[in-house]
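Colleague: quick one: sequence and predicted model below, then my questions.
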Amino acid sequence: MESLLKVWTQYLASGVEGIAGLLIALAALQATVRALQLFAQGGGIGSQEPKTEAIRLRLGRWLALALEFELGADILRTAIAPTWTEIGQLAAIATIRTLLNYFLQQEIDRAAARHPDLAPQPHTPPAAQSEGTSEEPRSSDHVLH
């Protein structure tokens, strides 16, 4: 029974790791498309900074999410009857990924503080909007959704 659980958990961990890879690939593709669009629009470098910062922040947020998925996959791999070696490897990997995620989040927070208009806005459900609220869409909404 234990060997069946180990095999199933390995498949599950590989699936979670695949999701992380897919998130990274899609985020990189999205950032590339947005950067190329911005490049094609032209304009001065100074006028493009908030837009390039928005692209960078969005990519950073997706990378942080992918790191969480990677950490989850590592935890799954050592969840069933781990050896001390596997526990040590998980501790090292978890520490590295947590530090990466921490510093990435710090950079995102600093960039969001420099450009408050790029910070994620809370999403208002459509039902609440149709019940008499007259909130106009913000100009930054297209950057964050």
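Modeller: Done, it's in. These numbers come from a predicted model, not from an experiment.
Colleague: only C-alpha atoms for contact and neighbour calcs from this point on.
Modeller: Noted.
Colleague: residue 51 versus residue 42, what's the distance?
Modeller: In this structure, residue 42 and residue 51 are 12 Å apart, going by C-alpha to C-alpha, to the nearest Å.
Colleague: all helices of this protein, in order?
Modeller: 2-41, 45-77, 84-114, 126-130, 141-144 (DSSP state H).
Colleague: elements contacting the third one?
Modeller: With contacts defined as 3 or more C-alpha pairs under 8 Å, 6 or more residues apart in numbering; DSSP states H and E, the packing partners of helix 84-114 are helix 45-77.
Colleague: elements contacting the helix it packs on?
Modeller: Helix 45-77 sits against helix 2-41, helix 84-114, helix 141-144, with contacts defined as 3+ C-alpha pairs under 8 Å, 6+ apart.
Colleague: and residue 61, how many neighbours?
Modeller: Applying other C-alpha atoms under 10 Å, we find 16 residues neighbouring residue 61.
Colleague: ok, now the one 10 residues further on?
Modeller: Using other C-alpha under 10 Å as the criterion, residue 71 is surrounded by 23 other residues.
Colleague: kindly report the same for residue 84.
Modeller: 10.
Colleague: leaving out sequence neighbours, find the closest residue to the spatially most central residue of the chain.
Modeller: In the chain, the centroid-proximal residue (C-alpha atoms, centre = their mean) is residue 62; its distance is 2.0 Å. In this structure, residue 62 finds its nearest non-sequential neighbour in residue 27, 6.2 Å apart by C-alpha to C-alpha, 6 or more residues apart in numbering.
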